[in-house]
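In: From the sequence below, what's the structure:
(2 chains)
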Amino acid sequence: MKEGFRQSMAWLHTWSGLLVGWVLFLVFAAGTAAYFRDEITLWMKPELHALPHAPVAQAQAAERAVQFLQQRGADSPRWFISMPTGREPLVGVLWTKPAPPAGAAPAGERPRRARFENASLDPATGDTAHAPRATRGGDFFYRLHFDLHYMPAIWARWIVGFSAMFMLVAIVSGIVTHKRIFKDFFTFRGKKGQRSWLDAHNVTAVLALPYHLMITYTGLITLMFLYMPWGPQAAYKDRGGEQAFFAEVFPGGGRDRFQAAGEKAPLAPIAPMLAQASAHWGGAAAGRITVHHPNDANAVVAITRAEGPRLSYDQPSMQFNGATGALIATYGDVPQAAAETRGVLYGLHVGRFANPLLRALFFLSGLAGCVMVATGLLLWAVKERQKYAKVLRKGGRIGFGLRLVDGLNLGAVAGLPAAMAAFFWANRLLPVGLAERAAAEIRWFFIVWGALAVLALLRPTLRMWQAQLGLGALLFMLLPVLNAFTTTHSHLGATLRHGPGAVAGLDLVAIALGLGLASAVWFVERKRRKTLALKHAAKAPAPRTPGEPEALSQGLATSGHQP
Amino acid sequence: MTSTPIRYRLAVASRAVAAIAGGYAVAALSAAALALALPAWTGMARSEAVLTGTLASFAVFAGAVMWVFAARTALRAWAGLALSAAVLALPVLLLGGGGA
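Out: Alright, predicted model coming up:
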């Protein structure tokens, strides 16, 4: 804390950014990847790439899915059908396993996922589509973004929320700290040590500032009822608490309201319901279909509109009587102002509305966010190192705090990209029939990241920066090559000519990311040479010129002994 | 005020607690206060008021944190939080049927 408003805000910006910077880097990187969640999932299932992608009528796809579910889950209490989209060509079906008879097994002990079964169907035929390899695909990055891993999701969400709140404070105090925010937007002074790091931080931060502010605030909004439950609790205390609030705001949701009658009744045909819903929404397609208690007299079919180019995350829905096919109710046609505001803020965060170009811009802004966090972290280390300039010149060592920050910076900024690339490599290299295959892919991500982080903490040197950035560069740049050797229909030679375009796109983005990391290696090499030259010069007994001690401190991280 | 390192550290710790715990308390109170006050004073629908208060609460939180670190002394920082909390607690106590 310092005297003066701008100084205290600069102090606040520095510390709120540093303390959670490593978590934020992970959250930014995973979130940026998650913009292409569907595309990543598709890339990771090469068995699906040769399928023809002729569009299939909604009614046909839905009827095939219902036929499939009647065969496999006729006695299930609930079916979920997600309709094919431009980004996801298959029909996803998920059904709840019937509850075991009382006393058969202790109900609480089964993990939540084990209660569901799912399949991907070819929309034209309704057959299970070519049984793709088991993988979490892009969902891994999506979950990693806010649920982290190896810990209960609820802890992770609080950790991520806490970090996001720090980020919000860091952004606002960062803006306040800026005397010349407009000028800095156009300022980059390269090859000037700390000044360049500051400029790089400013450029990436200010360039995408509206995005950073938006993504941080809307990120908090996505989980706001977890972080800030006091409004619903205070206002609905006398009328049933939070659940009553949710039932009022999201009237189509809530599955406990649906009770089975216990009487069998055949499920009414789904196509007329779809047609009625689509007509009601001005021709918009259906996105999700939920069937509560299929083949029961009290069956309810809930149809939610497909995500379209609309900003709001909340989609209107309609419910039909599953036995007669009659419309029960429509929801969300005329959203209220605050509810719509929340829906739009939520929608802005997840960006499902975006067309490919806008999605690419979101992705680039996300990358700018990664660079902003990374340069901010490095800037702290560069500044702190200056305090040790004299000690270093005498051959002394830096303090524990700086060494720790150096190691964490290296493990996060250079290690994470390599680990993300390793996840894609594991997808292609692990045997297709491996047991627990999806988990094994994720394990490889953490094995690589963990190993790199340990190395980074042990030897946070410029050489290590080069090694880890170089590993990431190689893994990304060679990913299309690996793809060519391990698949028949998924490499660039095939995908550039016949599609799917998403698969070709991922290969091309991997090459670009690899080139970016490679240029970072080259950049570190320049720093290393400069540092070495200065060290040699410092050994000579000649008097130092005033500029040099500062120059010595310009390296990324030079803890430990340079080779 | 920060002549000795230990005093400085305590001052930072005090403000960090004020910012995180105090800031959250003020933000939570603002969410509850708007949820209760907006329907009573402007006739806004209850669910809309709840959403408005909750959506705005994170901006209140950020503002409170900045206030805590911008205040000249730690005492002023705490006093500002206490005053805001007291003002926000009024509608919660009056309209929420006592105690949130």
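In: Up against chain B, what does the stretch 201-350 of chain A have?
Out: Proximity of the stretch 201-350 of chain A to chain B, by CB under 8 Å from any CB of the partner chain, involves residues A:217, A:220-221, A:224-225, A:227-228, A:230-238, A:245, A:248-249, A:336-339, A:341-342, A:345. For glycine as for every other residue, the C-beta is placed from the backbone atoms N, C-alpha and C.
In: And the next helix or strand past the strand or helix carrying residue A:320?
Out: Element membership for residue A:320 (DSSP states H and E) is strand A:317-321. Going down the chain from strand A:317-321, the next helix or strand is strand A:327-331, by DSSP H and E.
In: Which neighbouring elements make contact with the next helix or strand after that following strand?
Out: Next helix or strand after strand A:327-331 toward the C-terminus (DSSP H and E): helix A:337-350. Counting contacts by 3 or more CB pairs under 8 Å, 6 or more residues apart in numbering or on different chains; DSSP states H and E, helix A:337-350 is packed against helix A:209-222, helix B:46-70.
In: What lies in contact with helix A:337-350?
Out: For helix A:337-350, contacts defined as CB atoms under 8 Å, 6 or more residues apart in numbering or on different chains pick out A:214-215, A:217-219, A:221-222, A:224, A:249, A:310-314, A:335, A:353, B:47-49, B:51-52, B:55.
In: Okay, angle between the following helix or strand past it and helix A:209-222 too, please.
Out: Note on helix A:337-350: by DSSP H and E, the next helix or strand toward the C-terminus is helix A:356-386. Using axes from the mean of the first three to the mean of the last three CA atoms, to 10 degrees, the inter-axis angle of helix A:356-386 relative to helix A:209-222 is 100 degrees.
In: Give me the distance between helix A:356-386 and the centre of its chain.
Out: Mean-position distance between helix A:356-386 and its chain equals 16 Å (CA atoms, centre = their mean, to the nearest Å).
In: count of residues packed around residue 68?
Out: Because you didn't say which chain, this covers chain A. Burial measure for residue A:68: 21 neighbouring residues, criterion other CB atoms under 10 Å in any protein chain shown.
In: Sorry, I should have been clearer: chain B.
Out: Neighbours around residue B:68, by other CB under 10 Å: 26.
In: And the pLDDT for it?
Out: On pLDDT, residue B:68 comes in at 94.
In: So it versus chain A, what's the distance?
Out: Residue B:68 sits 9 Å away from chain A, taking CB to the nearest CB, to the nearest Å as the criterion.
In: Could you pull up the residues touching that residue?
Out: Applying CB under 8 Å, 6+ apart, we find residue B:68 in contact with B:15, B:18, B:19, B:22, B:23, B:77, B:80, B:81.
In: so which of these also contact chain A?
Out: residue B:15.
In: sorry, back to before: please indicate which of the contacts of helix A:337-350 are buried?
Out: Neighbour counting with 16 or more other CB atoms under 10 Å in any protein chain shown marks A:215, A:217-219, A:221-222, A:224, A:249, A:312-314, A:335, A:353, B:47-49, B:51-52, B:55 as buried within these.
In: Just the pLDDT at the residue most central in space within chain B, thanks.
Out: For chain B, the residue sitting closest to the mean C-alpha position, by CA atoms, centre = their mean, is residue B:26 at 1.6 Å. pLDDT for residue B:26: 97.
In: is it true that it touches residue B:61?
Out: Yes. Applying CB atoms under 8 Å, one finds residue B:26 in contact with residue B:61, separated by 7.4 Å.
In: Could you pull out the residues contacting both of the two?
Out: By CB under 8 Å, 6+ apart, residue B:26 and residue B:61 have no common neighbours.
In: Below-threshold pLDDT in chain B: ranges please.
Out: For chain B, the stretches with pLDDT under 70 are B:1-4, B:97-100.
In: For it, what lies in contact range of chain A?
Out: B:2, B:8, B:11-12, B:15, B:27-29, B:31-32, B:34-36, B:39, B:45-55, B:57-59, B:61-62, B:65-66, B:69-70, B:92, B:96-97, B:100.
In: just the buried members of these?
Out: Buried by 16+ other CB under 10 Å: B:11-12, B:15, B:27-29, B:31-32, B:34-36, B:39, B:45-55, B:57-58, B:61-62, B:65-66, B:69-70, B:92, B:96, B:100, out of the residues of chain B next to chain A.
In: In the stretch 401-550 of chain A, mark out all the helices, start to finish.
Out: Using DSSP state H, counting those that start in this stretch, the helices of the stretch 401-550 of chain A run over A:415-429, A:437-458, A:462-477, A:479-486, A:492-498, A:501-539, A:547-552.
In: Any idea which of the ones you listed gets closest to residue A:15?
Out: Closest to residue A:15 of the helices of the stretch 401-550 of chain A is helix A:437-458 (CB to CB; 21.5 Å).
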